[in-house]
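1. how would this look folded up:
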Amino acid sequence: MLHYIKGKLMMRIDGGVVVETGGIGFEINVPENSAVYLAQEGDNVSLFLNMIVREDDMSLYGFSEKEGLELFKKLITVNGVGAKAAMAILSVAPVSELRKAIVFEDADFLTRANGVGKKTAQRIVLELKDKIGDAGISSDMPVISDISSVSGDARGEAVSALIALGYSRAEAAGAVSAVAEQDLSSEDYIKRALKKLF
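-> Predicted coordinates for the structure are as follows:
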């Protein structure tokens, strides 16, 4: 069973990345807000992995932090929550915010994820609230209200804006990485990335 990978980011694909290590390229699904997804092609990256094997499919799911992997594993134990829904949930906010939403029974926060309805969100809260625990979670911690702020920087905001304009995640992240410079505003990233895309 694979647990961890360290290698070179070769390309982005919709919903994930391809990481090369030992001469082999691994296709790995990652959350939209993953630091790896916003890295530049050619960068060395590392991911904690979960491998799901089915009769007709074998897929890898990667996370920049161990906490992301642990929450993913818990989410897919919930009835009606598959790997796709779990990744959608992990894409809407940092793990700390998702844990807070579950512990404080904020099912509405979880419904921001694509494909996660009210009933599924309530089931997640019901089944995971006691399993997650509230260590390190404060009731006055802010909950992020917009996916554009998930990455915590202007690059992430620019990627989210380009996705909203109709570009795929791979196209958006690639264009932003191609113009990556320090101290640019999200607006500047968007303008420069759009020039690349045109």
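2. show me the protein divided up by domain.
-> What the record gives for the chain is the domain set 1-64, 66-146, 153-197, from automatic domain parsing.
3. reformat the ones you listed as CSV; add mean pLDDT and mean neighbour count.
-> C-betas here are computed from N, CA, C, even on glycine. Output for the domains of the chain, formatted as CSV (pLDDT from 0 to 100; neighbours: other Cβ atoms under 10 Å):
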stretch, mean pLDDT, mean neighbour count
domain 1-64, 90, 17
domain 66-146, 85, 17
domain 153-197, 72, 18
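4. which secondary structure element is home to the nearest residue to Leu75 once chain neighbours are set aside?
-> Closest residue to Leu75 apart from its sequence neighbours, by Cβ to Cβ, 6 or more residues apart in numbering: Ala86 at 3.9 Å. Using DSSP states H and E, Ala86 maps to helix 83-90.
5. after that helix, which helix or strand is next?
-> Going down the chain from helix 83-90, the next helix or strand is helix 95-103, by DSSP H and E.
6. tell me the angle of that following helix relative to helix 83-90?
-> 100 degrees (axes from the mean of the first three to the mean of the last three Cα atoms, to 10 degrees).
7. now do helix 95-103: which elements does it pack against?
-> Judged by 3 or more Cβ pairs under 8 Å, 6 or more residues apart in numbering; DSSP states H and E, helix 95-103 is in contact with helix 66-75, helix 107-110, helix 118-132.
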